[in-house]
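Engineer: sharing a sequence plus its predicted fold:
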Amino acid sequence: MAVKKSSGDGNKSKRKSDASGKTPSDSGRGRRIALFCILLLLLLGVAVGLIAILLKVPDVLLNRNKRFELKRIRVISTGFWNGKEREIAEYIKVAPGQGQSVFTINVGDVRKRIGNIQSIDSCEANIILPDTLELNLTERVPRAMLYPATHIVVDEYGNQFKRSESSAANRVLPMLYDLRGNEAFAKQIKPALTLIMTAIKDYPDISIKHISLRSARWLKVYLVYREQVKCNVLFPISEDYHFLLNTLQSAILNSRGNLHNFDLRYNGQVIIPR
């Protein structure tokens, strides 16, 4: 009697493992993972190479490009520093023609160094491609000089700076003297500067020559009216000198230039000292 062969034996033979103990499907999965890892490493290598190249491109195209080397500093101002590129270059420690790229210049640092120049109030620094550093300066305007330190001048706000580094280098200025050593500098010169600025802006016929600050209650002023009448005037300390200067001008005109001493310390009344 014939016996039917079981189909289970055939299926078992198909699922036999290879000599290593792995099935064919496990072996294929391992190859795919290995290939993926290799491709990933290649892509990472290419990316790193591209990044390295891109990082060098700005340096090659900008910082090492002779077309962008600093060749000129242009100084624009309405005062002493206008056109003084060589002197400014020494202050900011930037030298044209030395192979420095304009892209390596820190304009913030340039403005900070220029800010150390006392006669300059503010500065705008700009890179003008391909090879220029442009500086627009706003200078302090000297309004008076100090005595005996006549090499020092002040602007209308009391800021001190060198006379030789200002537009007053070759100009006559009102002189402030008899400064009181026991009082803050800015406080004691403020009335004198207020008087000077009021005369400059609104009373051009009055030219103030010097002011004594010996007293804390009044100013002793020597001035010239219309370049002819020389006057000695006592002004009270005030925050507004328009009324007093107008009173003085009327008194000079009424005297037809024959009076030269005036005392305005008494409520705006003109006292003629004898």
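Structural biologist: Received, thanks.
Engineer: switch to C-alpha atoms for all contacts and neighbour counts from now on
Structural biologist: Will do.
Engineer: pLDDT below threshold where in the chain?
Structural biologist: Residue ranges of the chain with pLDDT under 70: 1-27, 49-64, 274.
Engineer: quick one: the helices in it?
Structural biologist: Here the chain has its helices, by DSSP state H, at 8-14, 24-58, 85-92, 107-114, 185-202, 242-254.
Engineer: just say which of these is most tucked in.
Structural biologist: Comparing those by mean neighbour count (mean count of other C-alpha atoms under 10 Å), helix 185-202 ranks first with a mean of 17.
Engineer: by contact count, what packs against it?
Structural biologist: Applying 3 or more C-alpha pairs under 8 Å, 6 or more residues apart in numbering; DSSP states H and E, one finds that helix 185-202 contacts strand 206-212.
Engineer: name every strand pairing with the strand it packs on and say which way it goes.
Structural biologist: Strand pairing for strand 206-212, using DSSP bridges, gives strand 175-177 (parallel), strand 218-225 (antiparallel).
Engineer: can I assume L248 is in contact with V270?
Structural biologist: Yes: with contacts counted by C-alpha atoms under 8 Å, L248 reaches V270, the gap being 7.5 Å.
Engineer: need the overlap of contacts for those two.
Structural biologist: Residues touching both L248 and V270 (C-alpha atoms under 8 Å, 6 or more residues apart in numbering) are 262, 264.
Engineer: quick revisit: and the helices of the chain as TSV, adding distance to R72?
Structural biologist: Shown next, in TSV, are the helices of the chain (distance: least, C-alpha to C-alpha, whole Å):
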stretch	distance to R72
helix 8-14	86
helix 24-58	22
helix 85-92	9
helix 107-114	15
helix 185-202	38
helix 242-254	48
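Engineer: let me know which of these is the nearest to K230.
Structural biologist: Closest approach to K230 among the helices of the chain is made by helix 242-254 (10.1 Å; C-alpha to C-alpha).
Engineer: ok now that closest one, how far from the chain's centre?
Structural biologist: Relative to the chain's own centre, helix 242-254 is displaced by 42 Å; criterion: C-alpha atoms, centre = their mean, to the nearest Å.
Engineer: packing partners of it?
Structural biologist: strand 261-266, strand 269-271.
Engineer: what about G97, how many neighbours?
Structural biologist: Number of residues near G97 (other C-alpha atoms under 10 Å) recorded here: 12.
Engineer: what segments of the stretch 51-200 of the chain are strands?
Structural biologist: If DSSP state E, counting those that start in this stretch is used as the criterion, the strands of the stretch 51-200 of the chain fall at 72-76, 120-128, 132-139, 144-146, 152-154, 160-162, 175-177.
Engineer: so can I have CSV of those showing distance to K220 and mean neighbour count?
Structural biologist: As requested, the strands of the stretch 51-200 of the chain are arranged in CSV below (distance: least, C-alpha to C-alpha, whole Å; neighbours: other C-alpha atoms under 10 Å):
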stretch, distance to K220, mean neighbour count
strand 72-76, 39, 19
strand 120-128, 30, 17
strand 132-139, 30, 20
strand 144-146, 15, 24
strand 152-154, 19, 23
strand 160-162, 22, 19
strand 175-177, 10, 21
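Engineer: present these as JSON lines; the columns should include distance to Q100.
Structural biologist: Formatted as JSON lines, those follow (distance: least, C-alpha to C-alpha, whole Å):
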{"stretch": "strand 72-76", "distance to Q100": "11"}
{"stretch": "strand 120-128", "distance to Q100": "13"}
{"stretch": "strand 132-139", "distance to Q100": "11"}
{"stretch": "strand 144-146", "distance to Q100": "41"}
{"stretch": "strand 152-154", "distance to Q100": "36"}
{"stretch": "strand 160-162", "distance to Q100": "31"}
{"stretch": "strand 175-177", "distance to Q100": "46"}
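Engineer: for L40, find the nearest of those.
Structural biologist: Using C-alpha to C-alpha, these put strand 120-128 closest to L40, at 44.0 Å.
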